[in-house]
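1. structure, please.
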Amino acid sequence: MTCRPQRHLAPLLLAGCAMLGAGSAAGAMLIAPAIQGVAACIAAPESPTSIPATPAQYCAGRNDSAAALVESTLRRLQPTPPKVGNGFALGYTLTVPLLRLFRAEGAGWSVDDARVQRAVRTVRDNQRPLILYLSSSYFAQQAPIEQALLRQPENLAQTRDGVLPVDSYRGETLYPWTLARTDTPITTRRVQATQALLTALCKLPRQDLEKIQGVSLLGELHQLAPRFETGMGFTPQYRVTDYSAASAAGFRRYLRTQFGTVQKLNAAMDASYTSFEDVQPPSRDIRIEPSARYTEHIDSFAQGSLPISGWAWAPGNRPLWVRVYRDGTLIGRTPVNQGRLDVLQAKPELANANTGWRMNMDFRQLPAGLHRITALLELAPGTLVPLGTRDIAIMGKRQQTPALQPQRPLPTTVAAPAGVQGHMGMPQEQQSFYYNPLVPAWHAFRNQQVANYLRYFDAIVAQSCLKNTPRYTHQMLPSAAPDWDANKFATDATLQAQGNPWPGVDLHGPAIDTAPFPSNRKPHPYGITEFIPLHAMKARELQAVLQLHAQRGARFLAFFLEPYWQGQRGEHMHSVFSFDPENPQFGSAQLYEAMRETLHSRQPRTPARQTTLSNE
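-> Residues are numbered from 1 along each chain as shown. Model (predicted):
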């Protein structure tokens, strides 16, 4: 990342550039909150002309841009910037809603230049560094063009049952835009809006363009499933995208590329296809649906692994571990550190959501039969408390009646001491599991669809004057939630990228100190596109997390921030996750104060022993 400020730029930008050029040193990370209402200002249908009387009219009379609103809001958080090198630079995330840049024109649609220019003037008129967020994910943008695009089936993702219906998440509407293809009207419109915006931005002087420290691409982009809010876990009825005719044909081409000949495919799959054209994406549950081939089977476990998970809590906030045994043999230990909001809601007296534990067990090479899974909570060396035991059936291709496998004796256990609680939730007793070798190939192909769509969009930005500006994805981290099936999202390929676009990741709850790359990979640049701790933090605790990310390679960190105009907050909360003094949810008021204190203070160096983050 380069940053060459001109002499006439504001001292804040000079400070920000100095820190952003500091490599992996602590303090190199830009704090870039996404201010609620800025996107609405940019996409307003008409240019406001009156002087603002309420915070809802904050864009009016300010040269028709959101620059003054940005400054009014950020100055409450950091009235004066820290001295060069003494703290994090405070900038902002400029969210540009791509589909809201269009206006109806006759029987068609055109990009409204007035809306584009509001975004350009926001960059020009505010001297702070920024992340440019080209926003167009499955979250509805309340853009009139969306209704026209929804009427075109080629724009929509499909499960095996057909087009995925419109959905919702926490009250927000979700549109099932497909990413299996790039030759779709929705893609054309996204590209059209992006090119119009970039063309206008590229007319700015160099010193204004250099404020743009990164470009965030599209937003959360992943495969979908019905009933998103509750259906992305290990649900019995397995439905994922994309099963369109174009996607099925693409899967067959993918297999041909991977295996070369149908004979090699058959050898790998233990199948009897006569040609690649015989292959259909796996889509049926062998337990309840008739199928012509074993390779048609799919569920949350058919790729060959199953989660062993639950929750545990003990007084004193001490570190806890769970030992998992199979047929009496220890197969591993896993920490109790994952977010379980459902447990906290049911047991608020625990005062901690990080009670979850999970271990994924590979069963591809296990002999068919009944296997006994036991989870023991490790309170101290030699002190083990039972959490649960399940007998599960690993089924072979011929589905013989399973017999219990030989067992070894388990270690001695004790009754749970006073206050200790826990439970083994998965797997279920007598649950059956079938491995289908075609399913990993199907998931790899679905991963490729996500990555290819992002690369296509990234190439559009790379053809502009921002070709040398780092670009980032904006992905969820499904593996951080113990009750999510990461294969449904198919984001692994984009989270492991090591070049433009660099990984950008949403970190929620206990995942806030997680790096978006495997622990065996060399650290590389990444962005934190949403930082939502879901609990109160003191300034010292927040500073430690920020320092860790800065040292690990994070280039920016974004969180939601409510707009303030002339000392007044907007008329209503735009996001329940906003850091804000008046937001009582999820410790948000305390997080605002901790961030304010952090941005005012001289940042301490993090001790070397604390410089590693957990990884997924």
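2. buried stuff in the longest helix anywhere in the chain?
-> Of all segments of type helix in the chain, defined using DSSP state H, the longest is helix 438-462. Of the residues in helix 438-462, 438-458, 460-462 count as buried by neighbour count, 16 or more other C-beta atoms under 10 Å. For glycine as for every other residue, the C-beta is placed from the backbone atoms N, C-alpha and C.
3. just checking, next helix/strand downstream of that helix?
-> Downstream of helix 438-462, the first helix or strand assigned by DSSP states H and E is strand 471-472.
4. before we move on, the earlier item: helices or strands up against the longest helix of the chain?
-> If contacts are counted by 3 or more C-beta pairs under 8 Å, 6 or more residues apart in numbering; DSSP states H and E, helix 438-462 sits against helix 185-201, strand 212-218, helix 245-259, strand 471-472, helix 492-495.
5. can you add mean pLDDT and distance to Leu99 and give the ones you listed back as a markdown table?
-> Formatted as a markdown table, those follow (pLDDT from 0 to 100; distance: least, C-beta to C-beta, whole Å):
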| stretch | mean pLDDT | distance to Leu99 |
| --- | --- | --- |
| helix 185-201 | 98 | 7 |
| strand 212-218 | 97 | 11 |
| helix 245-259 | 97 | 23 |
| strand 471-472 | 96 | 20 |
| helix 492-495 | 89 | 22 |
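6. in JSON lines, list those along with distance to Pro510 and mean neighbour count.
-> Shown next, in JSON lines, are those (distance: least, C-beta to C-beta, whole Å; neighbours: other C-beta atoms under 10 Å):
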{"stretch": "helix 185-201", "distance to Pro510": "33", "mean neighbour count": "19"}
{"stretch": "strand 212-218", "distance to Pro510": "24", "mean neighbour count": "25"}
{"stretch": "helix 245-259", "distance to Pro510": "34", "mean neighbour count": "16"}
{"stretch": "strand 471-472", "distance to Pro510": "23", "mean neighbour count": "24"}
{"stretch": "helix 492-495", "distance to Pro510": "17", "mean neighbour count": "21"}
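7. Thr494 touches Val450, doesn't it?
-> Yes - if you go by C-beta atoms under 8 Å, Thr494 and Val450 touch, sitting 5.8 Å apart.
8. any common contacting residues for those two?
-> Residues touching both Thr494 and Val450 (C-beta atoms under 8 Å, 6 or more residues apart in numbering) are Leu221.
9. neighbours around Val240, how many?
-> Val240: 27 surrounding residues under other C-beta atoms under 10 Å.
10. same check on Tyr133?
-> Close neighbours of Tyr133, defined as other C-beta under 10 Å, add up to 28.
11. could you say which helix or strand holds it?
-> Going by DSSP H and E, Tyr133 is in strand 130-135.
12. partners of that strand in the sheet?
-> strand 92-97 (parallel), strand 212-218 (parallel) (DSSP bridges).
13. now the angle from it to helix 438-462?
-> Strand 130-135 runs at 120 degrees relative to helix 438-462, counting by axes from the mean of the first three to the mean of the last three C-alpha atoms, to 10 degrees.
14. pLDDT at Pro516, what is it?
-> At Pro516, the pLDDT value in this model is 74.
15. kindly apply the preceding question to Gln449 instead.
-> Per-residue confidence at Gln449 stands at 97 (pLDDT).
16. domain assignment for the protein?
-> 11-225+444-615, 236-297, 305-434 (automatic domain parsing).
17. of those domains, which stretch is the most buried?
-> Sort the domains of the chain by mean neighbour count, taking mean count of other C-beta atoms under 10 Å, and domain 11-225+444-615 sits at the top with a mean of 19.
18. picking up where we left off before, okay, the helices and strands packed on helix 438-462 in a markdown table with distance to Ile31 next?
-> Formatted as a markdown table, the helices and strands packed on helix 438-462 follow (distance: least, C-beta to C-beta, whole Å):
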| stretch | distance to Ile31 |
| --- | --- |
| helix 185-201 | 22 |
| strand 212-218 | 11 |
| helix 245-259 | 40 |
| strand 471-472 | 15 |
| helix 492-495 | 22 |
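19. that older thread, need the residues that contact the strand holding Tyr133.
-> Contacts for strand 130-135 (C-beta under 8 Å, 6+ apart): 30, 32, 34, 39, 91-98, 123, 141, 194, 197, 201, 211-219, 461, 466, 472, 474, 527, 529, 556, 558.
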